[in-house]
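# Have a look at this prediction, sequence included:
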Amino acid sequence: MLKTRRLLATAFRHVAMLAILNYATPTMAAEKLLLPSLSVVPNEPDQAGIGPGGIVMLDAANLATLDVVRQRLLRVAVDGGHTDEIPLPKIAGQATSLKVENGLLALLSRQGEILAEVDTVAVAAGGKIAWQIPPRDLPAGTYLVRRQPPSFKVERSSDGTLFTSGRGAAGRDWRVGLPSLLGGKAASVNGVQTLADGAILLWWEELSEPRPTAWVGRFTPEGRLSRLVRVPTELAEQLPARYVALAPDGRAYFQGAAGKQAFLLPLELTSPEDAVLHRPAPPVVTPQDEQQSDDELEQAFREQSAQENGALPPQSLDGYPPRPRGDVLAEAYRYLSMTWVLGERNYAHPNIPSECDVGAGKYWQRPKQLEGRQGQEITAMPYQWGGDNSPEQFRKRIAKGALAGDICSCRDPHRRFCITRIATGVDCSGYVSNAWGIPHHTTDALFRVSTPLPSLEALEPGDALVWRQHHARLYIGRSSGTDIRFKMLESSVSCGGVCETTYSAVELADYTPIRYRKIVP
């Protein structure tokens, strides 16, 4: 019976994916190039994975992509001809994304700091690489940001229109106003490429409904939109910050990850009318009883979790006092700013390897950000699957020799869901729950104590964004500047613990904005 249900579920998913691909035919004219050399940690229930670190063009034939999991830089031929590894400096172990500006490829930390730079010509050629390391801030042991003059400017007019301008071929100035293609306003300009014929290739995001949309468009120097493609972000379960690369020959490429597989997709620009006409199909919802996994026990937990969290009415909050937004943020920042020392007993215990192999009974894995840091002072609470410690509880447990953090998870109730009781820290939903001042709720259970918001623009500091059965983030405000980007506090595997992050609208397309029902100004 279980085998039959699995086959039906697999067939359903295949039909659903074909429906999406057929609906998006103009965008999907080219074949996907799979990137098996690029490591991906897939999303798990109540735990977001770790995807690729993004793509940038080196020249018309080659691009670079960052392997965040294995901390490698790969040079990839856009025709699939080769994939080469580029040696990285030691400091690159902190890199989570990359960018190209003024002919230099830069590796960036999660906070946007430039860790190392190299000439793109050298990387494209595959020769000897000479990395440039910006000056060090010795007391903090980190690298300082080195600002480069921007290659284009972005400004927003009084009516909300987003304009970008710069200098193109033969020193000709250009200025483009980004159109509202689906009824929403342009949120951000993510990439610009000037072409030899004077045209401008732009990658931007629109705050459309029901989900944000990413576009790549070709504009004349006079600002007229001549060619357009919608980026099919619905094909990716994980998106890097730089999920599009614009080539100097006018081509564009999209990167994402689905399951354990990263991919690269050439985008074909068509007439603006065709591109807007072929909007993404409505999301295909798989019936809960057909979402079969390869493990019967894991599936039983999924069904049980859906019944307990998804089918129950809103939870009564009688007895819980109103929670001021200022208190929510103050509590959340305590996790980010706290410092503690990683002792030998917090780093390792005898007979407990740092390994996630559920079948072998190994459930504890140290966050990679703590590797080799015994005896050092650490900032921020580490990620622990199933954890919901307060800063005071965490310090007490660290003092008693508890293991710091745990990124291993499972959905096996017979293994107590792989929650390691001798570890300490906080996971994503435990972090949001503690900030809201309520007992630990899972990601889906957070919906029972909250009200969904109509859009990302309705968010206020102290609200949350939840990706059902995957991840939760706490919203703290918008980033400064003309682009609309969203600042978060979260506890994640990719950060190794609590961190402050910034996302574009499309990166949050799978998340539902929610507001705790007892929150007050």
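Cool, the structure landed.
# Touching, residue 455 and residue 211? I think so.
No - judged on C-beta atoms under 8 Å, residue 455 makes no contact with residue 211 at a distance of 9.8 Å. Every C-beta, even on glycine, is put in place using the N, C-alpha and C of the backbone.
# Please identify which of those two sits among more neighbours.
Neighbour totals were compared for residue 455 and residue 211, and residue 211 leads with 18 against 15 (other C-beta atoms under 10 Å).
# Distance-wise, check that one relative to residue 252.
Distance of residue 211 to residue 252, given as C-beta to C-beta, to the nearest Å: 20 Å.
# who are the neighbours of the helix or strand that contains residue 329, in terms of helices and strands?
Assigned by DSSP states H and E, residue 329 belongs to helix 325-337. Judged by 3 or more C-beta pairs under 8 Å, 6 or more residues apart in numbering; DSSP states H and E, helix 325-337 is in contact with helix 428-436, strand 471-478, strand 486-492, strand 497-503, strand 519-520.
# same thing but 7 Å
In terms of contacts (3 or more C-beta pairs under 7 Å, 6 or more residues apart in numbering; DSSP states H and E), helix 325-337 is packed against helix 428-436, strand 497-503.
# Whatever helix or strand comes next after the last one pairs with which strands?
Using DSSP H and E, the next helix or strand after strand 497-503 towards the C-terminus is strand 512-516. Looking at strand 512-516 with DSSP bridges, its partner strands are strand 450-452 (antiparallel), strand 464-467 (antiparallel).
# Now do strand 512-516 against helix 428-436, angle only.
Between the axes of strand 512-516 and helix 428-436, defined by axes from the mean of the first three to the mean of the last three C-alpha atoms, to 10 degrees, the angle is 30 degrees.
# Quick check: buried residues in strand 512-516?
513-516 (16 or more other C-beta atoms under 10 Å).
# again with stretch 415-431
417-420, 423-431.
# same check, this time on stretch 49-68
If you call a residue buried by 16+ other C-beta under 10 Å, then stretch 49-68 has these buried ones: 49-58, 62-68.
# So what touches it?
38-43, 69, 73-78, 95-100, 105, 120, 123-124, 238, 240-243, 245-249, 253, 255, 257, 262, 493-494 (C-beta atoms under 7 Å, 6 or more residues apart in numbering).
# switch to 6 Å and redo it
Stretch 49-68 has contacts (C-beta atoms under 6 Å, 6 or more residues apart in numbering) with 38-43, 69, 73-77, 96-98, 100, 120, 123-124, 238, 240-242, 245, 247-249, 255, 257, 262, 494.
# From the chain's centroid, how far away is it?
In terms of C-alpha atoms, centre = their mean, to the nearest Å, the centre of stretch 49-68 is set 15 Å apart from its chain centre.
# Please work out the average pLDDT along stretch 33-41.
Averaged over stretch 33-41, pLDDT sits at 91.
# got a list of contacts for it?
Outside of stretch 33-41, the residues within contact range by C-beta under 6 Å, 6+ apart are 49-52, 67, 69-70, 80, 83, 257, 260, 262-264.
# Which of those scores worst on pLDDT?
Where pLDDT dips furthest among the contacts of stretch 33-41: residue 80, at 81.
# That one: how many residues sit nearby?
Neighbour count for residue 80, taken as other C-beta under 10 Å: 12.
# next one: the one 10 residues further on
Burial of residue 90 is recorded as 10 neighbouring residues (other C-beta under 10 Å).
# Okay, residue 40 and residue 50: tell me how far apart.
Taking C-beta to C-beta, one finds residue 40 at 7 Å from residue 50.
# er, residue 102 actually
The value you get for residue 102 to residue 50, if C-beta to C-beta is used, is 29 Å.
# what's the answer for residue 399, then?
Residue 399 sits 30 Å away from residue 50, taking C-beta to C-beta as the criterion.
# quick one, which of the helices and strands packed on helix 325-337 is nearest to residue 376?
strand 497-503 (14.1 Å; C-beta to C-beta).
# got the angle between that closest one and helix 428-436?
On the basis of the same axes, to 10 degrees, strand 497-503 is oriented at 90 degrees to helix 428-436.
# element containing residue 124?
Per DSSP H and E: helix 120-125 holds residue 124.
# now what about that helix, what contacts it?
The contact list for helix 120-125 (C-beta under 6 Å, 6+ apart) reads 58-59, 62, 86, 100, 103, 105, 129.
# Then stretch 377-390?
335-336, 339-342, 367, 394, 404-407, 409, 419, 423-427, 430, 440, 491, 493, 496-498.
# domains for the chain, by residue range?
39-129, 152-277, 325-516 (the TED database).
# Comparing those by mean pLDDT, which bottoms out?
domain 39-129 - the lowest mean pLDDT of these, at a mean of 88.
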